[in-house]
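Enquirer: Kindly generate the corresponding structure for this input.
(one chain, ligands or ions: 1)
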Amino acid sequence: MSSTLEIEDLNGASEFEHVYRVRCSDSGLDAFIAIHSTVLGPACGGCRVWSYPEPSDGQADVLRLARGMTYKNALADLRFGGGKAVILGPIPEEKRQHIFTRFGNAVEQLGGSYITAEDVGVGVVDMETVSTETNFVSGLRDRGAGCGGDPSPSTARGVLRGIEAAAKEKYARSDLDGLTVAVQGLGNVGRKLAISLLEKGARLFVSDIDKDRAEQFCHGRNATYVKPEFILLSDAQVIAPCALGRAITEEVATTMHAGVIAGAANNQLATNEVGEILMNRGILYAPDYVINAGGIIMAEAEYYNNDNQDGVNNKIDRIIDRTLDILSRSKHDGRPPHLHANELAQAIVERRAQEIAAGA
Ligand code: NAI
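Expert: Numbering: from 1, shown residues only. Okay, the predicted model is just below:
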């Protein structure tokens, strides 16, 4: 292991078990790893590569994302706690393998308290590099588990289930035939989701900051390209944010036309107040981490080697019932769905913490 690898425990916000800054001078790795909770199991959450204006923005992002993973894993009934990693970009292509090797060294040094996987800007090849240094990694091509690899098809399947649940609740729809959906971001998840929606008969508006990618997608399909600045305000019945987080700002929430928000991106609501605005306007928000859990459900089966793809798909399909339950609680007491989701997840973690304290 390189002597240049430095792991500093920042002991930041008290709500977190650990927040590490990981740096390596020879590879140029500069990363944060946040461990929000290990109550339900080792903290598992993907590794993101992103260029933030300042390192402190990356740190803020990793904290938000790690907390979201605790909630996501709890509600999906997984044997994982919540954590996340952010590698500060951009990373030069010629250093990529070296950086992920050192990142793997860091994950190994954390001794299994954090399990990594893919997130935005990171692929299966990167995780295979990580796996040369540590076993605390998921999202690999083949571990003999009968499932595994790129989590995005599983994520897209779950988001589709979330959209089905939301369309049932909001529009009393038993299918998606003719439903109009605006998909923001045609990356790993968004593209697969868009294809599944088309197969179900939905009509799409799509957007990506990579205009060629979006226009090529539309070619020969029942999909219309919309400029990125207009996609969230389009006339679709459902908005599916599948790009980056915090897309639903107060301005968007106040001016948007759709009746449903249900997509893959983590941390879609820019602030808690946005949830209130949506609720007051009768716009139904399917909490992001409830419906985008498909990938981590698959990653859990791969990591523990305890299920095949059919079993994983069955677990993912339960996202419909979970989403409907949360939406019905929200309808019942008039409080936003994301607050119900947070409270349900917190209750699961607290219950387990009490069991552990009692020696169970
Ligand atoms: P990706 O990086 O493959 O795709 C993101 C796409 O969004 C890219 O095509 C990018 O050009 C586009 N984009 C970025 N900003 C945009 C904007 N303002 N307007 C329109 N398009 C924009 O990422 P991936 O894997 O598809 O993930 C998408 C979201 O889903 C992320 O927020 C991620 O955290 C979340 N997610 C992904 C999971 C997975 O299995 N990959 C699992 C759970 C959540």
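Enquirer: Show me the strands in this protein, by range?
Expert: Assigned by DSSP state E, the strands in the chain fall at 5-9, 18-24, 30-37, 43-44, 47-50, 81-88, 114-115, 180-184, 203-207, 223-225, 238-241, 260-261, 284-285.
Enquirer: Any idea which of those gets closest to residue 303?
Expert: Evaluated with Cβ to Cβ, those place strand 114-115 nearest to residue 303, the distance being 6.4 Å. The C-beta positions use only the backbone N, C-alpha and C, and glycine is treated the same way.
Enquirer: Return the distance of that closest one from the chain's centre.
Expert: Its chain's C-alpha centre and that of strand 114-115 lie 16 Å apart, by Cα atoms, centre = their mean, to the nearest Å.
Enquirer: What of stretch 249-261?
Expert: Remark: stretch 249-261 is offset 21 Å from the chain centroid, using Cα atoms, centre = their mean.
Enquirer: Contacts for that stretch next, please.
Expert: Defining contact as Cβ atoms under 8 Å, 6 or more residues apart in numbering, one finds that stretch 249-261 is touched by 163, 166-167, 170-171, 182, 232-241, 248, 268, 270-271, 273-274, 277-278, 281-286.
Enquirer: neighbours of the closest residue in space to residue 313 that isn't next to it in sequence, just the number please.
Expert: Distances taken as Cβ to Cβ, 6 or more residues apart in numbering put residue 157 closest to residue 313, at 6.7 Å, once the chain neighbours are dropped. The local packing of residue 157 (other Cβ atoms under 10 Å) involves 23 other residues.
Enquirer: about what we covered before: filter the contacts of stretch 249-261 down to the buried ones, ChimeraX style.
Expert: Of those, the buried ones go into a single ChimeraX selection, burial set by 16 or more other Cβ atoms under 10 Å:
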select :163,166,167,170,182,232,233,234,236,237,238,239,240,241,248,268,270,274,277,278,283,284,285,286
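Enquirer: Could you tell me which residues of the chain lie near the ligand?
Expert: Neighbours of the ligand within the chain, by Cβ under 6 Å from any ligand atom: 119-121, 151-152, 155, 184-190, 207-210, 228, 242-245, 264-266, 292, 295.
Enquirer: ok, residue 87 touching residue 28?
Expert: No - under the criterion of Cβ atoms under 8 Å, residue 87 makes no contact with residue 28, lying 10.0 Å away.
Enquirer: dump the residue contacts of residue 163.
Expert: Listed by Cβ under 8 Å, 6+ apart, the contact partners of residue 163 are 176, 181, 197, 238, 240, 260, 262, 286, 291.
Enquirer: Now render these as a markdown table, adding pLDDT.
Expert: Conversion of those to a markdown table gives the following (pLDDT from 0 to 100):
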| residue | pLDDT |
| --- | --- |
| 176 | 98 |
| 181 | 98 |
| 197 | 98 |
| 238 | 98 |
| 240 | 98 |
| 260 | 98 |
| 262 | 98 |
| 286 | 98 |
| 291 | 98 |
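Enquirer: so where's the stretch 51-200 of the chain uncertain?
Expert: Low-confidence segments of the stretch 51-200 of the chain, defined by pLDDT under 70, are located at 142-145.
Enquirer: cutoff 90 now
Expert: For the stretch 51-200 of the chain, applying pLDDT under 90 flags the ranges 141-149.
Enquirer: Which single residue of it ends up nearest the ligand?
Expert: Each residue of the stretch 51-200 of the chain has a distance to the ligand, by Cβ to the nearest ligand atom, and the smallest belongs to residue 187, at 1.7 Å.
Enquirer: ok, that residue touching residue 242?
Expert: Yes - here residue 187 reaches residue 242: they are 6.9 Å apart, a contact under Cβ under 8 Å.
Enquirer: Of those two, which one has the most company?
Expert: Comparing residue 187 with residue 242 by neighbour count (other Cβ under 10 Å), the higher total belongs to residue 242, at 29 against 17.
Enquirer: Tell me which residues touch that one, please.
Expert: 159, 183-187, 189-190, 193, 263-265.
Enquirer: Tabulate the residues you listed (JSON lines), appending distance to residue 254.
Expert: Supplementary listing: the contacts of residue 242 in JSON lines, determined by distance: Cβ to Cβ, whole Å:
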{"residue": "159", "distance to residue 254": "25"}
{"residue": "183", "distance to residue 254": "22"}
{"residue": "184", "distance to residue 254": "18"}
{"residue": "185", "distance to residue 254": "22"}
{"residue": "186", "distance to residue 254": "26"}
{"residue": "187", "distance to residue 254": "27"}
{"residue": "189", "distance to residue 254": "27"}
{"residue": "190", "distance to residue 254": "25"}
{"residue": "193", "distance to residue 254": "26"}
{"residue": "263", "distance to residue 254": "19"}
{"residue": "264", "distance to residue 254": "23"}
{"residue": "265", "distance to residue 254": "20"}
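Enquirer: Can you pull out the low-pLDDT segments for the stretch 251-360 of the chain?
Expert: Within the stretch 251-360 of the chain, the segments meeting pLDDT under 90 span 272, 305-306, 359-360.
Enquirer: Please, where are all the helices along it?
Expert: 272-280, 288-291, 294-304, 309-317, 319-333, 337-357 (DSSP state H, counting those that start in this stretch).
Enquirer: For residue 215, give its distance to residue 235.
Expert: According to Cβ to Cβ, to the nearest Å, residue 215 stands 20 Å off from residue 235.
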